[in-house]
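[1] Need coordinates for the following:
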Amino acid sequence: MYEELALLELAIWFGLPAWIANSTPVLGGGGSAIDGGRFYSDGRRILGDGKTIRGFIVGVIFGILVGIGQMFAAPYLHPILAQFVTVTPAMELVLYAQVPVAVLLSVGALTGDIVGSFIKRRIDVKSGDPSPFMDQLGFIIMALIFAYPLIQPGPIFIVILVLMTLGIHWISNALVYLLGLKKNPW
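    Numbers count the residues shown, from 1 in each chain. This next block holds a predicted model:
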């Protein structure tokens, strides 16, 4: 029981920089579009006004700040975790993932969001319309790909992270919608 709970907690811990990076660009408050208002050869915007330079920078900064916080917190969490489970090398690897990993997770998450936006424009999905796979998993998959050169957390962490991402994405969107902060519950 404690082992499964520890794996769940560490997967959440590992995903925090990517999740925060993906959810905070809105705090940047607009600005210049990454695509500069340009159109692709299909006559549609490359990305759209929702993907801004300032939002990208804000997301990366927040993701890095989470990574810095994790770096300082990890030595305190390790003994607490060790009271309940035998801390395996894979668990230590995730617990002590350093700031460079947070940078890669953050940049990867926002790059995944941009790639998803580009694909959505190509298949004529309007900005703000749902696109389940790209909206919910594209950013976390790209974050994991970017971080892979520095950390390979193991399949169990990836499965948990992907499933948690789905759940957190759906719940957070529903809450933001119910609070009247979004037009759509997706």
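
[2] Wait, Val99 touches Val66, no?
    No: in this structure Val99 lies outside contact range of Val66 using Cβ atoms under 8 Å: 9.8 Å. To be clear about C-beta, it is placed using only N, CA and C from the backbone, and glycine gets the same treatment.

[3] of those two, who's got more company?
    Neighbours per residue (other Cβ atoms under 10 Å) separate Val99 from Val66, with Val66 holding more: 22 against 15.

[4] For the residue nearest to Ile141 when sequence neighbours are not counted, give its distance to Leu178.
    Once flanking residues are discounted, Ile141 sits nearest to Gly112: 6.3 Å by Cβ to Cβ, 6 or more residues apart in numbering. To Leu178, Gly112 is 26 Å away according to Cβ to Cβ, to the nearest Å.

[5] Hmm, the residue nearest to Ile141 is touching Ala143, no?
    Yes: between Gly112 and Ala143 there is a contact at 6.3 Å, judged by Cβ under 8 Å.

[6] Settle it for me: which of the two has more neighbours?
    Each of Gly112 and Ala143 has its neighbours counted (other Cβ under 10 Å); Ala143 has more, 31 against 23.

[7] Where does Gly43 sit: helix, strand or coil?
    coil (DSSP: H, G, I helix; E, B strand; the rest coil).

[8] Could you list the low-pLDDT ranges of this structure?
    For the chain, the stretches flagged by pLDDT under 70 are 1, 128, 181-182, 185-186.

[9] Strands of that one, start to end?
    Secondary structure of the chain by DSSP state E: no strands are present.

[10] quick revisit: what's the residue nearest to Ile141 in contact with, if anything?
    Residues near Gly112 by Cβ atoms under 8 Å, 6 or more residues apart in numbering: 138-143.

[11] Could you measure from it over to Pro89?
    28 Å.

[12] Then Ile64?
    Taken as Cβ to Cβ, the span from Ile64 to Pro89 is 25 Å.
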